[in-house]
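Q: Quick one, what's the 3D model for this:
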Amino acid sequence: MFIQIQPESSIPIYKQIMDHIEHAVASQRLKENDKLPSVRELAKQLVVNPNTVAKAYRELERNNVVRTHKGKGVFVMVTQDVYTENEKKRLVGEKMAPAIVEGLNLGMNFDEIRNVLEEKIAEFKNIKEIDHE
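A: Coordinates of the predicted model:
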């Protein structure tokens with residue numbers, strides 16, 4: 001699994017790890033029941049403290065993205081459609097709100113922020129199309 005962290009970023013390293021894994025799941029590069037590297041393996045790859053990786057995995061488990069099987073490892077969670085449409089919108093909106101605030105704080109207007117969102121959506125569509133070929 002390829003994860004690239006940016007130590008100089010204002011985003012905590014554990015959150016960067018989470019974001020990469022969530023993106024890989026959303027783009028289906030990681031699929032249901034895929035095994036993730038162990039905490040020690042990923043910490044060694046990224047040259048970070050194992051506690052940082054463990055925190056990312058705990059948060060991902062709390063968010064129902066992965067599940068841990070003692071002695072076997074960490075696996076991508078089997079997705080179940082347990083959310084109503086309104087809950088899905090609320091959850092996605094909660095994730096998007098900080099990005100909108102960040103854009104506004106950087107001096108972007110709403111149209112510029114919308115364009116960034118549309119570009120990201122296009123990237124995800126391309127990744128999904130490439131992965132299914």
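Q: Could you use CA atoms for every contact and neighbour count after this?
A: OK.
Q: how near is Gly73 to Glu61?
A: 12 Å (Cα to Cα, to the nearest Å).
Q: ditto for Ala24
A: Per Cα to Cα, Ala24 is found 15 Å from Glu61.
Q: Can you give me the domain boundaries for this structure?
A: Structural domains annotated on the chain: 13-76, 85-131, as defined by automatic domain parsing.
Q: Can you give me the buried ones in stretch 95-102?
A: Applying a neighbour-count criterion of 16 or more other Cα atoms under 10 Å, one finds Ile100 buried in stretch 95-102.
Q: Name the residues that touch that stretch?
A: Ile113 (Cα atoms under 8 Å, 6 or more residues apart in numbering).
Q: Give me the distance from it to the chain's centre.
A: Distance of stretch 95-102 from the chain centroid (Cα atoms, centre = their mean, to the nearest Å) equals 15 Å.
Q: pLDDT on that stretch, on average?
A: What stretch 95-102 shows for mean pLDDT is 91.
Q: related to what we said a few turns ago, with neighbour numbers in mind, choose between Gly73 and Glu61.
A: Glu61 (17 against 13; other Cα atoms under 10 Å).
Q: show me what contacts that one?
A: By Cα under 8 Å, 6+ apart, the residues touching Glu61 are 67-68.
Q: So it versus Thr84, what's the distance?
A: From Glu61 to Thr84 the distance is 20 Å (Cα to Cα).
Q: ditto for Phe2
A: Here Phe2 is placed at a distance of 32 Å from Thr84 (Cα to Cα).
Q: close enough to count as contact, Val53 and Glu41?
A: No - with contact defined as Cα atoms under 8 Å, Val53 does not count as touching Glu41 (9.6 Å).
Q: Counting neighbours, go ahead and name the busier of the two.
A: Neighbour totals were compared for Val53 and Glu41, and Val53 leads with 24 against 13 (other Cα under 10 Å).
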